[in-house]
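Asker: Need the 3D shape of this:
(2 chains)
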2 protein chains.
Amino acid sequence: MTSERSAPPTISEVAAEAGVGRSTAARTLGGYGYVSPEVRERVLAAAERIGYRANALARSMSTGVSHTLGVIVADIGNPFFGGVVRGISDASRERGFDTLVLSTHEDLGEEVAAANVLIDKRVDGIIIASAALDAASAEHIAQAQAHGIPVVLVDRAIPGLALDAVVIDNRSASREAVNTLIAAGHRRIGFIWGPPVDERPLRRRDLIELAMRNLWTDGERLQGYLDALDDEGIRFDPELVMVGPKTEEHAQAEVTRMLALDDPPTALFCTETDAVTGALRSIRAAGLRVGGDISLIGFDDSSWAAVMEPPLTMIEQPMLALGTRAAEVLFAAIDGEAVEARVHTLDTRLVARASVAPPAAPTSP
Amino acid sequence: MTSERSAPPTISEVAAEAGVGRSTAARTLGGYGYVSPEVRERVLAAAERIGYRANALARSMSTGVSHTLGVIVADIGNPFFGGVVRGISDASRERGFDTLVLSTHEDLGEEVAAANVLIDKRVDGIIIASAALDAASAEHIAQAQAHGIPVVLVDRAIPGLALDAVVIDNRSASREAVNTLIAAGHRRIGFIWGPPVDERPLRRRDLIELAMRNLWTDGERLQGYLDALDDEGIRFDPELVMVGPKTEEHAQAEVTRMLALDDPPTALFCTETDAVTGALRSIRAAGLRVGGDISLIGFDDSSWAAVMEPPLTMIEQPMLALGTRAAEVLFAAIDGEAVEARVHTLDTRLVARASVAPPAAPTSP
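Answerer: Below is the predicted model of the structure:
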């Protein structure tokens, strides 16, 4: 027979001792949702007085609810993903959920490890911007689902995988940008950046095949570029597509190479922030003027783009909205409102500023 | 008496079945460190065949080691913190640790909740860029330490709290930047941004008191500005210090106000990226030219600053190194190499480009 005094105190007893409601005490002791520092202190003092010992792990094991979302992104240092994560954490905070973020450096092995950490930490749901190129590489996602953890993709769909994904239409956005350059009179348009291969593919179908084996977003953006050329019957020139490492330095080198061609590009379409800044370094080094000597449209709007001289025309992605929508879709799944998985496509916006003008000199026919 | 078959299989048995080393099996089943997708699949298949059931929570409770670091930052959408987190996760990955990140929107209540989540998730150590202004607001840090979890501060020290902190010398960096402007001949120098108060403090000592009650980094940067004025015997003018909300829009409004003064600033020192872009919007709207009509130095280097017209002179913070150093200090504590807590100060660099020139017109004496 155990004495009554040895029975561990309950959350309700802590709440009574602290003079707060049970849910406030639970939030404080459970470490989820918002509690003011003063109330928190009162609850913790009460818990200490009556000898309450939180054991979150044990509690989590018995209830199966941790009130946390897990997020896996390719690179937390990229402001785009920073914005997406902010959108997710805004939406989850409204539901009283905390958000745990892991970054994978675009490495699928790291992503698998990250998914396992989140399964181990018993998160209630996972949002992934995945480095997986196809369904065969997405075993870790199936693994999470097998543990009863719903998964939603953000920014990148995985071809062949029936899973909710919240993305933009990269292909249409690119097509619109390149068509804008064509409408201004350009026919020699450089594409920065393309597949990360060493050898430049000379045939269009080889390029498309490489694009399909590339990251989904990058592949879609290259296809949109080719679509726009097709729209106007402009012949694809492999010399105008960047290949090789996706870095600012290499973007600069590839633009420098293109500008030295006999028939150089009169416009550039840059599909990442680092592609834009790399291209601008090369343009500056060549003594050319954006908007005058060479036109440019970038992807991924930044507050810097608006204060450039001239201000840059950019495709603005709804970073925050991608995050909040992904969280909403995930919460619907957590709440058991299961509907058929689908791709949710959010709108982008081409923000016209002053970096697009007619070609400086007539281009060759 | 229980039959031998009912004893749960061990990690070593899984390793033997999969034909891999025990540590590889442990990494795979524990979800930490790197395992190639192929090996991972083989280990998981072996685990399934012999009926191994990972129970990470139970294992974590018994061993007390989770191989994860927790990181709490004010705003994950800010590229500065993105860089710091990247540094942390690079260093922890080398040790086979995963990194869980939470973002608090500069809200101390959120920070307290985040610390509790990490305590609950039994991380091995915590790195915080804290919103706490003094030791009295740092109860959650003491709480983590009471749970045996070492804590290291990054980017921001907490005055009065004896805790390892990895920071830059904000005050010296600001002083150097403002002295650079003074050396170019400027005596009317605007400070963007200052304390987030509604009413402009008119007396220098009121301003300093507000600065001390502000975020540590912001307060230090303001003191460095005042130091530099003192160095040259330049009288402080309250009209040249931004007050109010710390946003790009408000920075723009404050610079516009300053430019309309009878004796406007001939140079600006902007202490955040959004302060720089807000100032540039105002300068552009006034039809002024950076480097010619008005000089400017910013804080927080970005790849954009180098491709501006003209390229901007900026104080470069060692974002990655702040993160890696913080992780190193934390791992020393985790490894039990306890030394006295201290502030670790990393160097900044003033990257001189072309946004500083002598004043366009002679300033008043």
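Asker: wait, is A:H250 part of a helix?
Answerer: Yes: using DSSP: H, G, I helix; E, B strand; the rest coil, the assignment for A:H250 is a helix.
Asker: Surely it and A:G278 touch.
Answerer: Yes: between A:H250 and A:G278 there is a contact at 7.2 Å, judged by Cβ atoms under 8 Å. Placement of C-beta: from N, CA and C, glycine included.
Asker: which one of the two has more residues nearby?
Answerer: A:G278 (28 against 19; other Cβ atoms under 10 Å in any protein chain shown).
Asker: For that one, which residues are in contact?
Answerer: A:I192, A:T247, A:E248, A:E249, A:H250, A:A251, A:Q252, A:V255, A:C270 (Cβ atoms under 8 Å, 6 or more residues apart in numbering or on different chains).
Asker: So which of the residues you listed is the closest to B:D237?
Answerer: Nearest to B:D237 out of the contacts of A:G278 is A:E248 (Cβ to Cβ; 40.0 Å).
Asker: Okay, now the unreliable bits of chain A?
Answerer: A:1-10, A:30-34, A:53-65, A:361-365 (pLDDT under 70).
Asker: Show me what the helix or strand containing A:V112 is packed against.
Answerer: Using DSSP states H and E, A:V112 falls within helix A:108-120. The contact analysis (3 or more Cβ pairs under 8 Å, 6 or more residues apart in numbering or on different chains; DSSP states H and E) places helix A:108-120 against strand A:68-73, strand A:98-103, strand A:125-128, helix A:139-146, helix B:37-49, helix B:56-63, strand B:98-103.
Asker: contacts for the longest one?
Answerer: Right, the one you point to is helix B:37-49. Residues contacting helix B:37-49 (Cβ under 8 Å, 6+ apart): A:108-109, A:112, A:137, A:139, A:143, B:9, B:14-15, B:17-20, B:24-25, B:28-29, B:35, B:52, B:54.
Asker: Report the inter-axis angle for it versus helix A:139-146.
Answerer: Counting by axes from the mean of the first three to the mean of the last three Cα atoms, to 10 degrees, helix B:37-49 lies at 30 degrees to helix A:139-146.
Asker: can you pull the buried residues of helix B:37-49?
Answerer: By neighbour count with 16 or more other Cβ atoms under 10 Å in any protein chain shown, helix B:37-49 contains the buried residues B:P37, B:V39, B:R40, B:R42, B:V43, B:L44, B:A46, B:A47.
Asker: Dump those into JSON lines; add distance to A:I119 as well.
Answerer: Listed next are the buried residues of helix B:37-49 as JSON lines, based on distance: Cβ to Cβ, whole Å:
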{"residue": "B:P37", "distance to A:I119": "16"}
{"residue": "B:V39", "distance to A:I119": "18"}
{"residue": "B:R40", "distance to A:I119": "13"}
{"residue": "B:R42", "distance to A:I119": "19"}
{"residue": "B:V43", "distance to A:I119": "15"}
{"residue": "B:L44", "distance to A:I119": "12"}
{"residue": "B:A46", "distance to A:I119": "18"}
{"residue": "B:A47", "distance to A:I119": "14"}
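Asker: Can you tell me how far the nearest residue to A:L259 once chain neighbours are set aside is from chain B?
Answerer: Nearest residue to A:L259, sequence neighbours excluded (Cβ to Cβ, 6 or more residues apart in numbering or on different chains): A:A286, at 5.4 Å. A:A286 is 13 Å from chain B, where distance means Cβ to the nearest Cβ, to the nearest Å.
Asker: now A:A286: how far from B:A326?
Answerer: As judged by Cβ to Cβ, to the nearest Å, A:A286 and B:A326 stand 41 Å apart.
Asker: same deal with A:H186?
Answerer: 48 Å.
Asker: Of the two, which one has the most company?
Answerer: B:A326 (30 against 25).
Asker: Hmm, the more buried one is touching B:R156, no?
Answerer: No: B:A326 is beyond contact range of B:R156, at 11.3 Å (criterion: Cβ under 8 Å).
Asker: that older thread, I'd like the helices and strands packed on helix A:108-120 laid out as JSON lines, including distance to A:D206.
Answerer: Listed next are the helices and strands packed on helix A:108-120 as JSON lines, based on distance: least, Cβ to Cβ, whole Å:
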{"stretch": "strand A:68-73", "distance to A:D206": "31"}
{"stretch": "strand A:98-103", "distance to A:D206": "33"}
{"stretch": "strand A:125-128", "distance to A:D206": "30"}
{"stretch": "helix A:139-146", "distance to A:D206": "29"}
{"stretch": "helix B:37-49", "distance to A:D206": "27"}
{"stretch": "helix B:56-63", "distance to A:D206": "45"}
{"stretch": "strand B:98-103", "distance to A:D206": "39"}
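Asker: Looking at the stretch 51-200 of chain A, what residue ends up closest to chain B?
Answerer: A:N116 (2.7 Å; Cβ to the nearest Cβ).
Asker: Kindly tell me how buried that residue is, as a neighbour count.
Answerer: A:N116 has 24 nearby residues by other Cβ under 10 Å.
Asker: Enumerate every residue touching the nearest residue to A:P359 once chain neighbours are set aside.
Answerer: Of all residues not flanking A:P359 in the chain, A:T266 sits nearest, at 3.9 Å (Cβ to Cβ, 6+ apart). Residues near A:T266 by Cβ under 8 Å, 6+ apart: A:H186, A:R187, A:R188, A:I189, A:I294, A:S295, A:P359, A:A360, A:A361, A:T363.
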